[in-house]
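Engineer: sequence? don't have it. structure:
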């Protein structure tokens, strides 16, 4: 990854589609079949993101609430999202945190981007959604209810690692 830069790393999937359409607004620079093709990680034949994920119009909203608004599962569910879906999505985000730590730097365009803008522990003791991730009533500060996160060797002043 030497020299890598994640240009779209801070974009939600629907933003990526909007950017592609904008880039093509005057002249087709991105082939139309790339934009119209169903999204896929292409890890197996005929795989589509929709096989394991909700529509991006729903997923992007859940991710926005969780990442940028620092809302916990209960707050997101109160917005009208399916509870089981919210739990599943947040669990996937938390279980894959280690991948974001291995990823190249990204261009930050949002207030709370993955990477430096959003740092959470990746160790097994931190349970994320299993531990009941909360904001503890303080906007932008995450607290882990399993163990003290401040003082006695924990995080100082509620900072997030």
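Structural biologist: Noted; the coordinates are in hand. The shown structure was predicted, so the numbers you read here are calculated from the model rather than taken from an experiment.

Engineer: switch to C-alpha atoms for all contacts and neighbour counts from now on
Structural biologist: OK.

Engineer: where does this structure have low pLDDT?
Structural biologist: In the predicted model, the chain carries pLDDT under 70 at residues 1-2, 112-161.

Engineer: could you point out the longest helix in this protein?
Structural biologist: In the chain, ranked by residue count with DSSP state H as the criterion, the top helix is helix 83-95.

Engineer: Name the next helix or strand downstream of that helix, please.
Structural biologist: Toward the C-terminal end, the helix or strand that comes next after helix 83-95 (DSSP states H and E) is helix 97-102.

Engineer: Neighbours of residue 63, how many?
Structural biologist: Number of residues near residue 63 (other C-alpha atoms under 10 Å) recorded here: 20.

Engineer: Now do it against residue 7, distance only.
Structural biologist: 19 Å (C-alpha to C-alpha, to the nearest Å).

Engineer: And residue 106, by the same measure?
Structural biologist: In terms of C-alpha to C-alpha, residue 106 sits 6 Å off from residue 7.

Engineer: So these two - more neighbours on which side?
Structural biologist: Counted by other C-alpha under 10 Å, residue 106 and residue 7 do not tie: residue 106 has more neighbours, with 18 against 13.
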